[in-house]
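A.B. asks: heads up, no residue letters with this:
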C-alpha cells in the first residue's frame, strides 16, 4: 500500500501525478520535497495546498516542458541538458520560482561551459501539405499557396534546438527518453520560409527534396465543403536539411 501525507487537509500519496502547464508527470513525493527549504517542497508541505485538475492530478501553472529538467535535477542532484539547449534563461527563472538555488547555479555554469558553442550534426526533415487558391466571382485569377500544416521529423533534441517555441509537440508527448526520434512534431505557424530561415540560422543546408505533384486529374468524390478547384491542386513536399 502506498504511504500518504496530508497536504493542506488533502492526502498526497508517495507516488504523485502532476499536471505542469498541460504536461503530465509521475514522480515521488520524496523527490518533490527533496530540497527541504525550496518553494517546491513547501507546495507539498503540511501548510500548503496544491490545486487539482479535472482528472485529479496536482496542477502547477508553470512551463511543462522545462519542468522535466527540474525533476531530473532533484532526482540526480546534477543538471544534464540536451545538446544545443537554448532556453537556459527560462530554466533559470523556473529554478528561481521553485526556490532551487542549486539548480540555478548549475544552469549558470552550464551556460559558461566552453562546449556550449558546439553544434551537433544531424538531419531534419520538413514537409508540408498544401494547395493553391483561386479568385472567384469575377475577381482576377489569383493563385496563391495555402499550407495546412508544416511537419517536422528528426531527433527530438535537435528539433527543439532549431525551432524552439515554434515547435508544437502536442501530438507526441514526451516518453522520457533523452535521445529519441519522432515524426509527429509540427510548427505553430504556416510559413515555410520562416522554417527555412530558422534552419539556415542554425547552420543547416538543404540536402534534398521531393514532391508528390498535384491531384489535377483526380475524380474522387469530395467531402461536403471541400472546394473542387483547390482539391485539384493538392500536393505534398518534403525537404531534408543537414548540419555536418
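C.D. replies: Right, received. Where do you want to start? None of the values given here were measured: they were computed from a predicted structure.
A.B. asks: any regions of the protein where pLDDT drops low?
C.D. replies: 1-13, 47-48, 83-84, 113-118, 133-143, 175-178, 214-231 (pLDDT under 70).
A.B. asks: which SS class is residue 64?
C.D. replies: coil (DSSP: H, G, I helix; E, B strand; the rest coil).
A.B. asks: if you could redo that for residue 163, that was the one I meant.
C.D. replies: Residue 163 - assigned by three-state DSSP - is helix.
A.B. asks: go ahead and confirm it touches residue 153.
C.D. replies: No. Residue 163 is not in contact with residue 153 according to Cβ atoms under 8 Å; the separation is 12.0 Å. Heads up, the C-betas are built off the backbone N, CA and C, glycines and all.
A.B. asks: what touches both of the two?
C.D. replies: Common contacts of residue 163 and residue 153 (Cβ atoms under 8 Å, 6 or more residues apart in numbering): residue 185.
A.B. asks: those two: which is more packed in?
C.D. replies: Set residue 163 next to residue 153 and count neighbours by other Cβ atoms under 10 Å: residue 163 wins out with 25 against 18.
A.B. asks: domain ranges for this protein?
C.D. replies: Following automatic domain parsing, the chain resolves into domains at 4-116, 122-243.
A.B. asks: now do the helices in the chain.
C.D. replies: Assigned by DSSP state H, the helices in the chain fall at 29-32, 39-43, 67-76, 88-97, 101-111, 156-163, 192-201, 228-232.
A.B. asks: what angle separates the third one from helix 101-111?
C.D. replies: The one in question is helix 67-76. Angle, helix 67-76 to helix 101-111, by axes from the mean of the first three to the mean of the last three Cα atoms, to 10 degrees: 110 degrees.
A.B. asks: now for helix 67-76, which elements pack on it?
C.D. replies: In this structure, helix 67-76 packs against strand 23-28, helix 29-32, helix 88-97, helix 101-111, with contacts taken as 3 or more Cβ pairs under 8 Å, 6 or more residues apart in numbering; DSSP states H and E.
A.B. asks: tell me the strands beside the first one, with direction?
C.D. replies: Spelled out, it's strand 23-28. Looking at strand 23-28 with DSSP bridges, its partner strands are strand 15-20 (antiparallel).
A.B. asks: before we move on, the earlier item: quickly compare the helices of the chain and say which is most buried.
C.D. replies: Compared across those, helix 156-163 shows the largest average neighbour count, a mean of 22 (mean count of other Cβ atoms under 10 Å).
A.B. asks: contacts made by that helix with the rest, please.
C.D. replies: 82-86, 120, 122, 124, 152, 167, 178-182, 185, 187, 195, 198-199, 202, 204.
A.B. asks: ok, of those residues, which come out buried?
C.D. replies: Buried by 16 or more other Cβ atoms under 10 Å: 82-86, 122, 124, 152, 167, 182, 185, 187, 195, 198-199, 202, 204, out of those.
A.B. asks: and residue 169, how far is that from residue 211?
C.D. replies: In this view, residue 169 and residue 211 are 26 Å apart by Cβ to Cβ, to the nearest Å.
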